[in-house]
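> Okay, predicted coordinates and the sequence, questions at the end:
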Amino acid sequence: MDRGAGSAMVARMHEQGGEVNQGVRGLNRPPQPLVLRAAWCNAKPIVELLIARGARVENVDLGDLAIRNGEMTQLLIEHGARLDTPWHPEDPKLGTRLIQAAVLGRQLWLVERLLADGDDVQIVNGYGRSLLALALPWSGRDDGRDHCQDHCIAMVRRLLAASAHVNPLNADEVPPLVIAAYDGDPTVVQMLLDACAKSDASMPSALLYPRHPLPAAISRILHGRATALSVAASECNGDAVLALLKAVAPVPKFGVENRGVW
């Protein structure tokens, strides 16, 4: 639909008594404000019209929008959307804070603003992923991934500058260095090492490759733990391997049942 024609239609509906603050129900979701649905559709003229006609945006959940569309997120913030409204993703283990969604969406400008407002840079979600781990391009799935580009590197650099913890706070947390080694970008690996990331930090390999098709004979590998070096070698990320070896990373002991890395 043409955005201008859509705006005219919304204006006519409002003039005929349509409620601009009505909710729109989505699949498996509670009703969402009409203005938020328009923002998800990238319909800026309609968003602006709804706000001009009295649509309230102060308590709009910006989380999913921040992942999808930074421009629309910024527009709603400029019109009064609050930054402390909880995020309610479909998967609650992803997090409840806008800064987590902003990192996932690579919205550096929003992360900057939230950090300036004193947001918690040490927050960890239900999957054991800190902000640094969320910034890195690992989906936890084996169905493809992108690689750390300039915007990703800038996000990692900003979080490190804000003193985001680079080493896991407990055994259940995902080490950012392992994820960086999985991606293979030597710049990010070196940035984390320079920030004193522990090269021997590990994570359950079953979490790194949750649906990896392995022959039954070696399936017990998934009961071990993966280090940055073992992951970089497994993914054939030679530059990351070299960076880790220069940092005196321990060589993995292959075949140590249950306890060893692979």
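Structure's in. What do you need?
> My reading is that residue 114 is in a strand; is that accurate?
No: per DSSP: H, G, I helix; E, B strand; the rest coil, residue 114 lies outside any strand segment and is helix.
> List the residues that contact the residue lying closest to it once chain neighbours are set aside.
Spatial nearest neighbour of residue 114, excluding adjacent residues (CB to CB, 6 or more residues apart in numbering): residue 99 at 4.5 Å. Using the backbone N, CA and C atoms, a C-beta is placed for each residue, glycine as well. By CB atoms under 8 Å, 6 or more residues apart in numbering, the residues touching residue 99 are 110, 111, 114, 115, 119, 120, 121, 123, 131.
> Go ahead and confirm the first one touches residue 72.
Translated: residue 110. No: Residue 110 is beyond contact range of residue 72, at 11.8 Å (criterion: CB atoms under 8 Å).
> Residue ranges in the stretch 1-150 of the chain under the pLDDT threshold?
1-5, 7-18, 26-29, 139-147 (pLDDT under 70).
> do the stretch 151-262 of the chain as well
If you take pLDDT under 70 as the line, the stretch 151-262 of the chain has these spans: 209-223, 248-262.
> where along it do the helices fall?
176-183, 186-194, 205-208, 228-234, 238-246 (DSSP state H, counting those that start in this stretch).
> Let me have these in a markdown table, extended by distance to residue 44.
Formatted as a markdown table, the helices of the stretch 151-262 of the chain follow (distance: least, CB to CB, whole Å):
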| stretch | distance to residue 44 |
| --- | --- |
| helix 176-183 | 34 |
| helix 186-194 | 34 |
| helix 205-208 | 40 |
| helix 228-234 | 42 |
| helix 238-246 | 41 |
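> secondary structure class for residue 76?
helix.
> which residues does the residue nearest to it when sequence neighbours are not counted contact?
Of all residues not flanking residue 76 in the chain, residue 57 sits nearest, at 5.1 Å (CB to CB, 6+ apart). Residue 57 sits next to 33, 35, 51, 76, 79, 80, 81 when contact means CB under 8 Å, 6+ apart.
> Check residue 135 too.
Taking CB under 8 Å, 6+ apart as the test, what residue 135 contacts is 103, 106, 152, 155, 156, 159, 176.
> Tell me which two in those are the farthest apart.
Using CB to CB, those span at most 15.6 Å, a distance reached by 106 and 176.
> And those two? Which one has more around it.
Applying other CB atoms under 10 Å to residue 106 and residue 176 shows that residue 176 carries more neighbours, namely 33 against 18.
> quick one: that one and residue 137 touch, right?
No: assessed by CB under 8 Å, residue 176 is found out of contact with residue 137, at 11.8 Å.
> Provide a list of residues in contact with residue 73.
39, 62, 65, 66, 107, 110.
> which of these lies closest to residue 45?
Out of the contacts of residue 73, the member with the shortest distance to residue 45 (by CB to CB) is residue 39, at 11.6 Å.
> hang on, the earlier thing: for the contacts of residue 99, give me TSV that also has neighbour count and secondary structure.
Shown next, in TSV, are these (neighbours: other CB atoms under 10 Å; DSSP: H, G, I helix; E, B strand; the rest coil):
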residue	neighbour count	secondary structure
110	22	helix
111	26	helix
114	21	helix
115	19	helix
119	19	coil
120	13	coil
121	21	coil
123	17	coil
131	30	helix
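> Show me which of the residues you listed is closest to residue 236.
Nearest member of the contacts of residue 99 to residue 236, counting by CB to CB, is residue 131, at 28.1 Å.
> Need the residues that contact stretch 110-122.
66, 70, 73-74, 83, 97-99, 102-103, 130-131, 155, 158-159, 162-165, 169.
> ok, 6 Å please
99, 102, 162, 164, 165 (CB atoms under 6 Å, 6 or more residues apart in numbering).
> Which one of those is nearest to residue 191?
For those, the nearest to residue 191 is residue 164 (11.8 Å; CB to CB).
> For the closest one, what are phi and psi?
Backbone geometry at residue 164, expressed as degrees, to the nearest 10, gives phi -60, psi 140.
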